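Novice: turn this into a model:
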Amino acid sequence: KRGGGEAGGDEKRGRMERHPLMTRMADCWFCLSSPKVEKHLVVSIGDEVYLALAKGPLLPEHVLILPITHYTSANQLPDSVWEEVEKYLSSLAKCFRAELKQGLVWYERACQTRGGMPHCHLQVVPVPAKVEEECVAHVEGMLKGSNMEVERTGQWREQEGLDQYLLFQQPAKNATLLHKIPPGQRHPLNFGREVLATLLHMPHRQDWKECAQTLQEEEAGAAAFKKLFKPYDWSLQ
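Specialist: This next block holds a predicted model:
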């Protein structure tokens with residue numbers, strides 16, 4: 001069994017930072033070995049994947065799932081890494097349902113930026129039961145309303161030539177909505193968050209910078225999330 005508690009977490013974190021397979025990206029905000037990573041936001045570390053609170057979160061339980069190695073998108077993750085992502089998604093869904101009485105939605109924007117292709121990260125957000133039924137139609141409507149072609153698919157990771165995309169998934173409904181971003185086309189950086197902010201009737205929280213917290217608030221949020229998630233955190237077992 002894995003060691004639990006803070007000491008066990010610190011030991012595992014150190015081991016992951018020295019992982020021989022880790023790509024050391026000095027300027028990456030999400031590589032654990034980078035001096036830019038904000039480690040106080042890290043709330044769980046697995047063997048291949050870790051969990052961190054989002055900066056300027058939509059909600060206190062808004063978290064990111066990230067591979068430890070610097071992959072650029074979820075469809076590029078090896079099966080072993082993706083299996084661990086799914087373990088975290090399953091654990092988070094159980095936690096949100098049991099502790100918050102809410103469902104779960106996640107999205108990923110895989111798109112080249114000025115600095116190149118970013119570190120893969122899935123944005124995971126709890127959604128109240130009263131809006132769960134609206135979720136798929138809402139996401140689809142906003143995509144189409146912005147002239148973005150959308151397809152419902154269950155095998156998106158196996159698609160050939162899928163380089164840049166915006167993807168939403170509601171696991172409880174087995175629903176995946178995919179927008180393929182055409183080569184060379186600019187895509188709104190914040191669109192995914194805007195979709196969920198409007199779904200949650202929180203348009204004032206569309207921009208994460210407007211939701212920025214102090215270091216003390218972030219540390220308190222991380223401690224609160226660890227406590228909430230601990231009974232469901234498979235990495236501590």
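
Novice: which stretches of this structure form strands?
Specialist: 42-45, 49-53, 63-67, 102-110, 122-128, 151-152, 165-170, 175-180 (DSSP state E).

Novice: tell me where the chain has helices.
Specialist: Using DSSP state H, the helices of the chain run over 5-17, 79-95, 129-132, 135-145, 191-199, 215-229.

Novice: mind checking the pLDDT average for the longest one?
Specialist: This means helix 79-95. Mean pLDDT, computed over helix 79-95, is 97.

Novice: again, but for the fifth one
Specialist: Looking at helix 191-199 alone, the average pLDDT works out to 93.

Novice: which residues touch it?
Specialist: With Cβ atoms under 8 Å, 6 or more residues apart in numbering as the test, helix 191-199 has contacts from 58, 105, 107-109, 123, 125, 127, 131, 134-135, 138-139, 142-143, 146, 166, 168, 188, 203, 205-208. From N, CA and C alone the C-beta is placed, and that goes for glycine too.

Novice: send me stretch 69-79 as PDB with only the CA atoms.
Specialist: Provided in PDB are the C-alpha atoms of stretch 69-79 (Å, rounded to 0.1, in the frame of the first residue of the first chain):
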ATOM      1  CA  THR A  69       5.400  13.900 -18.000                       C
ATOM      2  CA  HIS A  70       4.900  16.900 -20.400                       C
ATOM      3  CA  TYR A  71       2.400  15.600 -22.900                       C
ATOM      4  CA  THR A  72       0.500  18.300 -24.900                       C
ATOM      5  CA  SER A  73      -2.900  16.700 -25.100                       C
ATOM      6  CA  ALA A  74      -5.000  13.900 -23.700                       C
ATOM      7  CA  ASN A  75      -5.300  12.100 -27.000                       C
ATOM      8  CA  GLN A  76      -1.500  11.700 -26.900                       C
ATOM      9  CA  LEU A  77      -1.300  10.100 -23.500                       C
ATOM     10  CA  PRO A  78      -0.100   6.500 -23.400                       C
ATOM     11  CA  ASP A  79      -2.900   4.100 -22.300                       C
END
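
Novice: circling back: now render the strands of the chain as a markdown table, adding distance to residue 80 and mean neighbour count.
Specialist: Converted to a markdown table, the strands of the chain look like this (distance: least, Cβ to Cβ, whole Å; neighbours: other Cβ atoms under 10 Å):
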| stretch | distance to residue 80 | mean neighbour count |
| --- | --- | --- |
| strand 42-45 | 16 | 23 |
| strand 49-53 | 10 | 24 |
| strand 63-67 | 10 | 25 |
| strand 102-110 | 19 | 22 |
| strand 122-128 | 17 | 21 |
| strand 151-152 | 27 | 12 |
| strand 165-170 | 20 | 22 |
| strand 175-180 | 21 | 20 |
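
Novice: hmm, back to that, now, of the helices of the chain, which is deepest in the fold?
Specialist: Highest mean neighbour count of the helices of the chain: helix 191-199, a mean of 20 (counted as mean count of other Cβ atoms under 10 Å).

Novice: relative orientation of that helix and strand 175-180 in degrees?
Specialist: 140 degrees (axes from the mean of the first three to the mean of the last three Cα atoms, to 10 degrees).

Novice: leaving out the residues flanking it, which one is nearest to residue 51?
Specialist: residue 44 (4.0 Å; Cβ to Cβ, 6 or more residues apart in numbering).

Novice: would you confirm that the one you found contacts residue 230?
Specialist: No. Using Cβ atoms under 8 Å, residue 44 is not in contact with residue 230, being 9.1 Å away.

Novice: check the contact lists of those two and give me the overlap.
Specialist: residue 236.

Novice: any idea how far residue 218 lies from residue 59?
Specialist: Noted for residue 218: a distance of 14 Å to residue 59, by Cβ to Cβ, to the nearest Å.

Novice: again, but for residue 227
Specialist: 16 Å.
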